[in-house]
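In: Sequence first, predicted coordinates after that:
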Amino acid sequence: MRTTLKPQTENAPAKVKDAGLISLVKGGDAAYNAKSGEILLLPGGALRQREIKERLAEALFGGAALQRVDCGSDEAVFSLAERYVREWQDTATAYVDDRGRELRVLGWSKDTSDAGQKTSEIMAAVSGALADIPGADGSSFVEETTPSYRSFSLLFPCEAGSIGARPGFICKSCGKLLLADSPFEFRPPQPSQGEAPEDLKDIETPGANTIAELCSQLGIDVTRTLKAMLYVGSRDETAELVPIASFVRGDYNVSMNKLSRWLWDRHGLYSVRTAEKSELARLFGEVAGYCGPIGLPEGVILVCDNSVRDSKNTVAGANRPGYHRSGCCYGRDFTSDIADIALNGQGAPCPCGGSFEAVSMREAGTIQSGLDLYRASLDSKTVTPLLDKKLSYRDREGTHEYPAVWGGVISTERILLEIGCER
Ligand SMILES: [Zn+2]
């Protein structure tokens, strides 16, 4: 007689905080190797891992026309596409490849808009399949701004310390999830709404080169201040550094990823980084700690976050050491490009009336699009080995190119952890 190995136990594995893994071990579906961190799937866990994979692959074919293959590497998938694209065109440009406990999705599109459409279809297919798996519902794809491509993460709210957990924010009133760099335009109305505009006035603020010190010296709320963050970027390898002055309201912080993305899209700038002390003096003048949006030197790119729009009677740097300027009114005293360049954080208000709280979220997948060849090369982190090969074919009408690469992974192991032992 044959018996399936299913060693159920009351003992939780040592040093494991992941509720899903504890459940799998207790239920006899998995064992845990604490030394290597490996999850060893027993017959019950292995079977369900395969079932999840089957459902996802089926949904990806049905919903996004991804061809299921078993190639094992990006290079091998590319060679399939290259071999068949001329005769099969779009049918040969979108794949889901089996990589053990992950499904790799990978493909090529004619432009970034097609690639964006494709990744939307993939996300809808994955979400649809997960909604039908008991215990795997409750996930969301959350966008994250990067300097040069679009990125989405498949996230499940989870306990801190869970495998694959990363920090994020949740609005408990409506359930919306955000990562620190997620696009998020909403800002609450200015506290100065309805006030009469004050006159500009320079005030001596010795040593007040932080927002906290400024608030304490003047006895004002942080929402009445403007925070300057100064950066430099470049247009090509040899070009001179371009100075960038960005402003957020004092209770916000600048997201380097969002700012970098905006500077790339609007000004073709890349390699954006914090300005060093010597560069500050040379490019912005003697303004360290006292930089404001009124009267910046020529050539400085000025951009303000949404939180600065319609601000009135704020205190900002006066662009001279030891001085701030009160009564600053957006529109009257300065205007600028306005963009979503702030980090999302704890306590940020949600349009629904609630506010965001810190939460851990298990990342069970990512998908990226718009990795077109020129942009991807700007940030080494975004370059995959595939990007130096171009998918194209020639026929009588000429050369047809698929320069926009999209790709991602869905971890069936992480989804299994989310479900835990069969309920
Ligand atoms: Zn909400």
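Out: Yes, it's here.
In: What average pLDDT does whichever strand or helix holds residue 303 get?
Out: Counting by DSSP states H and E, the element that carries residue 303 is strand 301-305. Taken as a whole, strand 301-305 has a mean pLDDT of 98.
In: For the chain, which residues are neighbours of the ion?
Out: Taking CB under 5 Å from the ion as the contact definition, the chain meets the ion at 171, 173-174, 176, 350, 352, 354. C-beta coordinates here come from the backbone N, C-alpha and C atoms, glycine included.
In: Filter these down to the buried ones.
Out: Buried subset of these (neighbour count, 16 or more other CB atoms under 10 Å): 171, 176, 350.
In: Mark which of the residues you listed are part of strands, please.
Out: Among these, DSSP state E puts residue 171 in strands.
In: Just the closest of the buried ones among the residues of the chain next to the ion to residue 409, please.
Out: residue 176 (24.4 Å; CB to CB).
In: What is the burial count for the closest residue in space to residue 186 that isn't next to it in sequence?
Out: In space, not counting the residues next to it along the chain, residue 186 is nearest to residue 351; the distance is 4.9 Å by CB to CB, 6 or more residues apart in numbering. By the other CB atoms under 10 Å criterion, the neighbourhood of residue 351 contains 13 residues.
In: same deal with residue 50?
Out: In terms of burial, residue 50 registers 13 neighbours under the definition other CB under 10 Å.
In: before we move on, back to that, mind listing which of the residues of the chain next to the ion are in helices?
Out: By the criterion of DSSP state H, membership of these in helices covers no residue at all.
In: same question for the helix or strand just after the strand holding residue 303, mean pLDDT?
Out: Next in sequence after strand 301-305, counting helices and strands by DSSP H and E, comes strand 314-317. Taken as a whole, strand 314-317 has an average pLDDT of 97.
In: so what does the helix or strand that comes right after strand 314-317 touch, helix or strand wise?
Out: Downstream of strand 314-317, the first helix or strand assigned by DSSP H and E is strand 323-328. When contacts are defined as 3 or more CB pairs under 8 Å, 6 or more residues apart in numbering; DSSP states H and E, strand 323-328 sits against strand 201-204, helix 211-218, strand 314-317.
In: Same list as before, the ones you listed that is, but in a markdown table and with mean neighbour count included.
Out: Listed next are the helices and strands packed on strand 323-328 as a markdown table, based on neighbours: other CB atoms under 10 Å:
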| stretch | mean neighbour count |
| --- | --- |
| strand 201-204 | 12 |
| helix 211-218 | 16 |
| strand 314-317 | 27 |
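In: Any idea which helix or strand in the chain has the lowest mean pLDDT?
Out: The helix or strand of the chain with the lowest confidence, counting by mean pLDDT, DSSP states H and E, is helix 373-376 at a mean of 40.
In: So what are the sheet partners of whatever helix or strand comes next after that helix and their directions?
Out: Scanning forward in sequence from helix 373-376, with DSSP H and E defining helices and strands, the next element found is strand 391-395. Neighbouring strands of strand 391-395 in its sheet, by DSSP bridges, are strand 398-402 (antiparallel).
In: what mean pLDDT does the partner strand have?
Out: Predicted confidence along strand 398-402 averages 92 (mean pLDDT).
In: Might you quantify the distance of the strand holding residue 303 from its chain's geometric centre?
Out: 21 Å (CA atoms, centre = their mean, to the nearest Å).
In: Could you do stretch 409-423 as well?
Out: Chain-centre distance of stretch 409-423: 23 Å, with CA atoms, centre = their mean.
In: Quick check: mean pLDDT of that stretch?
Out: Averaged across stretch 409-423, pLDDT comes to 89.
In: What separation is there between the residue nearest to residue 186 and residue 188?
Out: For residue 351, the distance to residue 188 equals 9 Å [CB to CB, to the nearest Å].
In: Likewise for residue 7?
Out: Counting by CB to CB, the separation of residue 7 from residue 188 is 54 Å.
In: Please say which of the two ends up with more neighbours.
Out: It is residue 188, of residue 7 and residue 188, that has more neighbours when counted by other CB under 10 Å, with 14 against 11.
In: Quick one: the strands in the stretch 151-300 of the chain, in order.
Out: Assignment of strands within the stretch 151-300 of the chain using DSSP state E, counting those that start in this stretch yields the ranges 165-171, 177-178, 201-204, 226-234, 242-249, 270-274.
In: The last one to strand 226-234, inter-axis angle?
Out: Pointing back at strand 270-274 there. For strand 270-274 against strand 226-234, the angle between stretch directions is 140 degrees (axes from the mean of the first three to the mean of the last three CA atoms, to 10 degrees).
In: what helices or strands is strand 270-274 leaning on?
Out: Applying 3+ CB pairs under 8 Å, 6+ apart, one finds that strand 270-274 makes contact with strand 226-234, helix 256-267.
In: again with the fourth one
Out: Judged by 3+ CB pairs under 8 Å, 6+ apart, strand 226-234 is in contact with strand 242-249, helix 256-267, strand 270-274, strand 314-317.
In: redo that, cut-off 7 Å
Out: The elements that strand 226-234 packs onto, with contact taken as 3 or more CB pairs under 7 Å, 6 or more residues apart in numbering; DSSP states H and E, are strand 242-249, strand 270-274, strand 314-317.
In: Buried deepest among these, which one?
Out: Comparing these by mean neighbour count (mean count of other CB atoms under 10 Å), strand 314-317 comes out on top with a mean of 27.
In: List of residues touching that one?
Out: Residues outside strand 314-317 that contact it (CB atoms under 7 Å, 6 or more residues apart in numbering) are 214, 218, 220, 224-226, 228, 287, 290-293, 324-326, 328.
In: Run the chain-centre distance for it.
Out: Using CA atoms, centre = their mean, the distance between the centre of strand 314-317 and that of its chain works out at 30 Å.
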